[in-house]
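**Student:** Compute the structure for the input listed below.
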Amino acid sequence: MTTREYIDQNRERFLSEWTSLIRIPSVSCQSEHKSDMLRCAERWRELLMEAGAQKAEVMPSEGNPFVYGEYRCDASDAPTVLVYGHYDVMPVEPLEQWKSNPWEPDIRDGRLYARGADDDKGQTMIQVKAFEYMLLTKQMKCNVKFILEGEEEIGSPSLEAFITRHKDLLHCDIILVSDTSMIGKDTPSITTGLRGLAYWQIEVTGPNRDLHSGHFGGAVKNPINALCEMLAQVVDKEGKITIPHFYDDVLPIPQAEREMIAQIPFSEQAYCKAIDVDAVAGEKGFSTLERNSCRPSFDICGIWGGYTGEGSKTVLPSKAYAKVSCRLVANQDHSIISQAFADYMQAIKPQGVRLTVTPMHGGQGYVCPIDIPAYQAAEKGFERAFGKRPLAARRGGSIPIIAAFEQILGVKTILMGFGLEQNAIHSPNESMDLEVWEKGIIAVSEFYKEMGKES
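**Tutor:** Reported below is the predicted structural model:
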């Protein structure tokens, strides 16, 4: 039985199991969903056992629980694949922008719409269904382990300690992750690099209470004004980040890689149209695809303070806040950058206000070589499923735990992602293309067939 035949015979069951996960609102950053995290972990444990795992359990951590599962084949020299995924999701707000209930999956126009449809319940389900198929048809010649966490969307604060504590349990030859995207539905690609991340919250304090702007405006430093002045200095007119020593460890993009990036199908006009902007922006001297994957960036993710309710209130606020982040590239250390940013903000802080910069989370970047057997197995899997050889491409997002896996377990990660830009992860109306989802199951099955040849 081919993978396609197995999918056709079990499509309704696959969808039912997938949607049973989506209906659990496992939002890790909201304490009201604490019980949902355990409920989702338990559901994943059930699904792993039903797929054929010989063992599956929910394991405690300092934060949300982990789900561990395993299958060991008979061959003593079989390679071991560790599959990583996460069951937590982003908040659904703004709720009014959803066209359907984010917790009630809706299939329309060949897509499944819901929070977690792609990131990462949909993509992890691809892995589990490929695993199920390979076991049922007795083709699995790899040992397979699963580790699913519930804190990826808040920076995986419990993961490094968990990996370190269970290093022997998680021992493997390669790690396989489906939590990234392809260049396009008709342009399959394998992610070979990820940017790192540094994230902070800033608090600026001025007077000891909100003041009347008529009585004090022009005489007392406004914390919101001060915050805006500081943040405006972080990036110059050419898109360069001005933090001292920020670029010390940034490696130049090799010319060969720049030429490869230039071959990726990309329309700047279509890119702008898709997100409804009239122009791109960023660091001078680099293309859009280079800026959003191979170069670091700085962004203000949120800013607030003062009166924001209905009507007007002439107030000079006591406090102002911002959440800001840097996407980092391989070789930049997020802890060094975190301290450099805090020092820089203190250096440019105007008189009349006090400043607190609090690091929230961070992670290292990652680059995967394309000449290792596991990458070549993934490449063949994509080619057989999608009908063309996948491109190797760095992506701009961050999965901090990928670098942690390499540091602690000493193995590389293959990023077999099946997301698309139009899937709108983290946004209202997140979705998954059902045709791509099914091809993903085929691609991962073919990956296992190739890896099995190594034993």
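**Student:** what about the residue lying closest to residue 202 once chain neighbours are set aside, which SS state?
**Tutor:** Nearest residue to residue 202, sequence neighbours excluded (Cβ to Cβ, 6 or more residues apart in numbering): residue 322, at 4.6 Å. Any C-beta I mention is one placed from the backbone N, CA and C, and that applies to glycine too. Following DSSP: H, G, I helix; E, B strand; the rest coil, the label given to residue 322 is strand.
**Student:** Bridge partners for residue 322, pull those for me.
**Tutor:** Residue 322 has these beta-bridge partners by DSSP bridges: residue 202, residue 303.
**Student:** do the one 5 residues further on as well
**Tutor:** For residue 327, the residues forming beta bridges with it (DSSP bridges) are residue 197, residue 297.
**Student:** Wait, it touches residue 195, no?
**Tutor:** Yes - using Cβ atoms under 8 Å, residue 327 is in contact with residue 195, at 4.3 Å.
**Student:** Of the two, which one has the most company?
**Tutor:** Higher neighbour count among residue 327 and residue 195: residue 195, with 26 against 23, using other Cβ atoms under 10 Å.
**Student:** So that one is in contact with residue 296, correct?
**Tutor:** Yes - between residue 195 and residue 296 there is a contact under Cβ under 8 Å: 7.2 Å.
**Student:** who touches both of the two?
**Tutor:** Common neighbours of residue 195 and residue 296 are listed as 327-329 (criterion: Cβ atoms under 8 Å, 6 or more residues apart in numbering).
**Student:** Shouldn't residue 21 be within a helix?
**Tutor:** Yes - counting by three-state DSSP, residue 21 is part of a helix.
**Student:** List the contacts of the closest residue to it other than its chain neighbours.
**Tutor:** Among residues not flanking residue 21 along the chain, residue 121 sits closest, at 4.8 Å (Cβ to Cβ, 6+ apart). Applying Cβ under 8 Å, 6+ apart to residue 121 gives the contacts 18, 21-22, 87, 89.
**Student:** 10 Å - rerun?
**Tutor:** By Cβ atoms under 10 Å, 6 or more residues apart in numbering, residue 121 lies in contact with 18-22, 24, 26, 40, 43-44, 85-89, 114-115, 148, 432.
**Student:** confidence score at it?
**Tutor:** Note for residue 121: predicted pLDDT of 98.
**Student:** how near is it to residue 138?
**Tutor:** Per Cβ to Cβ, to the nearest Å, residue 121 is found 28 Å from residue 138.
**Student:** Can you report how many residues neighbour residue 306?
**Tutor:** 16.
**Student:** now the strands for the stretch 201-350 of the chain?
**Tutor:** 211-212, 297-305, 315-316, 319-328 (DSSP state E, counting those that start in this stretch).
**Student:** And the helix or strand harbouring residue 190, what's buried?
**Tutor:** Applying DSSP states H and E as the criterion places residue 190 in strand 189-194. For strand 189-194, the neighbour count (16 or more other Cβ atoms under 10 Å) marks 189-194 as buried.
**Student:** Could I get the residues you listed in CSV, plus columns for distance to residue 427 and pLDDT?
**Tutor:** Formatted as CSV, the buried residues of strand 189-194 follow (distance: Cβ to Cβ, whole Å; pLDDT from 0 to 100):
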residue, distance to residue 427, pLDDT
189, 21, 94
190, 24, 94
191, 20, 93
192, 25, 89
193, 24, 89
194, 20, 90
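**Student:** all helices for the stretch 151-300 of the chain, in order.
**Tutor:** 159-165, 213-216, 223-232, 255-262, 268-275, 288-291 (DSSP state H, counting those that start in this stretch).
**Student:** Let me know which of these is the nearest to residue 99.
**Tutor:** helix 268-275 (17.3 Å; Cβ to Cβ).
**Student:** What helices and strands are in contact with the closest one?
**Tutor:** With contacts taken as 3 or more Cβ pairs under 10 Å, 6 or more residues apart in numbering; DSSP states H and E, helix 268-275 sits against helix 288-291.
**Student:** List of residues touching the helix it packs on?
**Tutor:** Here helix 288-291 makes contact (Cβ under 10 Å, 6+ apart) with 183, 239, 253, 257-258, 261-262, 264, 266, 268, 271-272, 280-285, 297, 327, 393-394, 396.
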